[in-house]
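A.B. asks: structure, please.
(one chain, ligands or ions: 1)
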Amino acid sequence: MAQLCLSLTENTLAENLKLLRKNRPYIDCCELRIDYLHEEEYPSLYTFPEQVDLPVVCTLRRYEEGGAFKGSARRYSEILLSALRGPFQFVDLDAKVSVPEIEAQCTGKNITIIRSRHFVLELPANGADVLEKLPRGAREIPKLACQLQGTEDLFRLARIGRNSRHTKQIIIGMGAFGVPTRLLPVWCNSMLSYATAGPVPAAPGHLDPRKMTETFRFKQITKNTDVFGIIGNPVLHSRSPYIHNPGFARQKLDAVYIPFPTDDPQFFLRYAGEFNVKGLSVTVPHKESAARIVELHDEAVRDIGSCNTLTWDDKEGEWKAYNTDYSGFMAPLKAFCREHGKRISKGTVIGAGGAARAVVYALVKAKVEVCIINRTSDKAQRLAEQYGIFWSGMNEEGLRLAQDHRDLIVQTTSAGMKGSDCDDPWPDYRFSGDELVYEIVYTPVYTPFLIRAQKAGCSVLTGDMMLQKQGEEQFFLFTGKQLNIEEEYSKEELL
Ligand code: ATR
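C.D. replies: Numbering: from 1, shown residues only. Down below sits the predicted model:
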């Protein structure tokens, strides 16, 4: 099982000790990043390991290798020699610098050398060869860290790790595409993964140790663990890990769910077995392409033309595609109508993108008379013509149509989402107060559009309800087990 190492990136030893104590329950060792420390701390470096009840790696990362140290090779050597008077268990030595005095000191004091190369721009074509030649003695641990540019790089680096002849090694993919190497080091044959908890991530893609341990189940992962995840780009801020991982823990399943930032879904799906992937959520921008790539799909995927869930059939050796967005959307609506005795005959869908397609499909199937209103009227027209329903741009005609289809108003655009530069997709629309307004955005849960609707007296349904319901269905497709998020999960767990 791989170990978790906390990179200490504060400016003083005292601050680093504080950081370490706070994160002590989640880590196995720590790395003192000298290059982030104030120079006044240098004379005391050797005292640091004595104050810590964990193995400490001593690292002075040079600027060229992604660190902050800009001094000469001689200064590099002097600082490390002085630090290594203390009982460090490891020292990370830059393979590009020749440091015979340090090597001699390490032999005398039984300090293990991690011989490292950091490629801060890319994974080089000769990565396997570089890794092979890194150690200069049988006791040295080679470390290869490379910035990954995409999905192909992720698989290439993991294969380099798995095919290497070293029994102990550290393999790290930096940047968003490398995150799976940090969360699943076992699939790169890497003995260590790094985390940061301070204000500065020690390398691009570093995660918080508590999150790695508690959410991403780092300590439980072995080669037997079933891997699930979400493919999309970007995807690191997805809330789905907070639905599935606690679900696996509650059901006592040996499984984990992680983000897989992906720029090439076809490549990812072909080789996902190399990370023992058994099921995937699919998000923007791959929902449509995944539906095209995967041949086996349910009726909703075929009709909507997009999928958000894939399961791997081990026996048949193929992927199956589902759309739980559509059913996740309907569940809270049905529950509301049951509870309040409401009947929806006519509804308006704002937006005509991927999310709108699933919503329109669901409503038409439920025999609701739907109209589509979109900023770009051509897009509204194209979607509407598939179903033979009304459509309009956001103009007088649109206002008239929406007034006439106002039992339900569904907001499916990204306007109002955290980070979006627009709060309200359709400020011209005035709520009468008798609409049921359903928002698809869930960050924030109450968007300006929804708040405006509430103020006018409308009933509302929030995007987190749909997220939870589609998550429950997805969990069932992944595991065959039921989750009840509303009853079983605390608010803090979910958001
Ligand atoms: P998704 O798959 O999440 O639905 P999408 O396919 O890119 O994303 O569709 C985004 C939808 O939100 C579109 O209908 C878009 O309108 P346009 O077709 O005119 O681009 C709509 N949208 C995005 N930002 C918007 C804004 N600020 N105001 C109104 N509509 C907006």
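
A.B. asks: got the CA coordinates for stretch 376-390 in CSV?
C.D. replies: Output of stretch 376-390 as CSV, limited to C-alpha atoms (Å, rounded to 0.1, in the frame of the first residue of the first chain):
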residue,chain,number,x,y,z
THR,A,376,-29.9,31.7,-29.5
SER,A,377,-33.2,31.0,-31.2
ASP,A,378,-31.7,28.7,-33.9
LYS,A,379,-30.6,26.3,-31.2
ALA,A,380,-34.1,26.4,-29.6
GLN,A,381,-35.6,25.7,-33.0
ARG,A,382,-33.4,22.7,-33.6
LEU,A,383,-34.2,21.0,-30.3
ALA,A,384,-37.9,21.8,-30.5
GLU,A,385,-38.2,20.4,-34.0
GLN,A,386,-37.0,17.0,-32.8
TYR,A,387,-40.2,16.8,-30.7
GLY,A,388,-42.5,19.1,-32.7
ILE,A,389,-42.9,21.6,-29.8
PHE,A,390,-43.0,25.4,-29.4
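
A.B. asks: mind listing what's buried along that stretch?
C.D. replies: Neighbour-count burial for stretch 376-390, counted by 16 or more other C-beta atoms under 10 Å, picks out S377, K379, A380, L383, A384, Y387, I389, F390. In this view, the C-beta of every residue, glycine as well, is placed from N, C-alpha and C.

A.B. asks: these in strands, which ones?
C.D. replies: Using DSSP state E, the members of these that fall within strands are F390.

A.B. asks: could you dump the buried residues of stretch 376-390 to JSON lines with pLDDT and distance to G232?
C.D. replies: Listed next are the buried residues of stretch 376-390 as JSON lines, based on pLDDT from 0 to 100; distance: C-beta to C-beta, whole Å:
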{"residue": "S377", "pLDDT": "97", "distance to G232": "28"}
{"residue": "K379", "pLDDT": "97", "distance to G232": "22"}
{"residue": "A380", "pLDDT": "98", "distance to G232": "25"}
{"residue": "L383", "pLDDT": "96", "distance to G232": "22"}
{"residue": "A384", "pLDDT": "98", "distance to G232": "27"}
{"residue": "Y387", "pLDDT": "96", "distance to G232": "27"}
{"residue": "I389", "pLDDT": "98", "distance to G232": "29"}
{"residue": "F390", "pLDDT": "98", "distance to G232": "32"}
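
A.B. asks: just the strands in the stretch 201-350 of the chain please.
C.D. replies: For the stretch 201-350 of the chain, the strands defined by DSSP state E, counting those that start in this stretch cover 226-232, 255-261, 277-282, 296-297, 309-313, 318-322, 346-350.

A.B. asks: can you add distance to E41 and give those back as TSV?
C.D. replies: Output for those, formatted as TSV (distance: least, C-beta to C-beta, whole Å):
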stretch	distance to E41
strand 226-232	40
strand 255-261	36
strand 277-282	44
strand 296-297	59
strand 309-313	50
strand 318-322	53
strand 346-350	57
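
A.B. asks: tell me which parts of this protein are close to the ligand?
C.D. replies: For the chain, the residues in contact with the ligand (C-beta under 6 Å from any ligand atom) are 284, 351-356, 374-376, 379, 412-415, 422, 425.

A.B. asks: buried ones among the residues you listed?
C.D. replies: Among those, those classed as buried by 16+ other C-beta under 10 Å are 284, 351-352, 354-356, 374-375, 379, 412-415, 425.

A.B. asks: ok, back up a step: export the buried residues of stretch 376-390 to CSV and tack on distance to A197?
C.D. replies: Output for the buried residues of stretch 376-390, formatted as CSV (distance: C-beta to C-beta, whole Å):
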residue, distance to A197
S377, 50
K379, 45
A380, 47
L383, 46
A384, 51
Y387, 51
I389, 52
F390, 54
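
A.B. asks: what sits against the residue of the chain found nearest the ligand?
C.D. replies: At 1.9 Å from the ligand, G353 is the closest residue in the chain, using C-beta to the nearest ligand atom. Neighbour list for G353: K379, T412, T413 [criterion: C-beta atoms under 8 Å, 6 or more residues apart in numbering].

A.B. asks: ok, those residues vs A362, which is closest?
C.D. replies: Distance to A362 across those (C-beta to C-beta) is lowest for T412, with 11.2 Å.

A.B. asks: the closest one and D298, how far apart?
C.D. replies: For T412, the distance to D298 equals 21 Å [C-beta to C-beta, to the nearest Å].

A.B. asks: same check, this time on M394
C.D. replies: As judged by C-beta to C-beta, M394 and D298 stand 33 Å apart.

A.B. asks: so which of those two has more stuff around it?
C.D. replies: M394 (20 against 15; other C-beta atoms under 10 Å).

A.B. asks: can I get the helix or strand hosting V179 as PDB, trimmed to CA atoms?
C.D. replies: Secondary structure from DSSP states H and E places V179 in helix 179-183. Only the C-alpha atoms of helix 179-183 are listed here, as PDB (Å, rounded to 0.1, in the frame of the first residue of the first chain):
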ATOM      1  CA  VAL A 179      -4.400  13.700 -10.300                       C
ATOM      2  CA  PRO A 180      -5.200  10.000 -10.800                       C
ATOM      3  CA  THR A 181      -1.500   9.100 -10.300                       C
ATOM      4  CA  ARG A 182      -1.700  10.900  -6.900                       C
ATOM      5  CA  LEU A 183      -4.900   9.200  -5.800                       C
END
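
A.B. asks: by contact count, what packs against that helix?
C.D. replies: For helix 179-183, the packing partners by 3 or more C-beta pairs under 8 Å, 6 or more residues apart in numbering; DSSP states H and E come out as helix 151-163, strand 170-174, strand 192-196, strand 255-261.

A.B. asks: now that helix, how far from the chain's geometric center?
C.D. replies: 10 Å (C-alpha atoms, centre = their mean, to the nearest Å).

A.B. asks: pLDDT (mean, whole number) over it?
C.D. replies: For helix 179-183, the mean per-residue pLDDT is 98.
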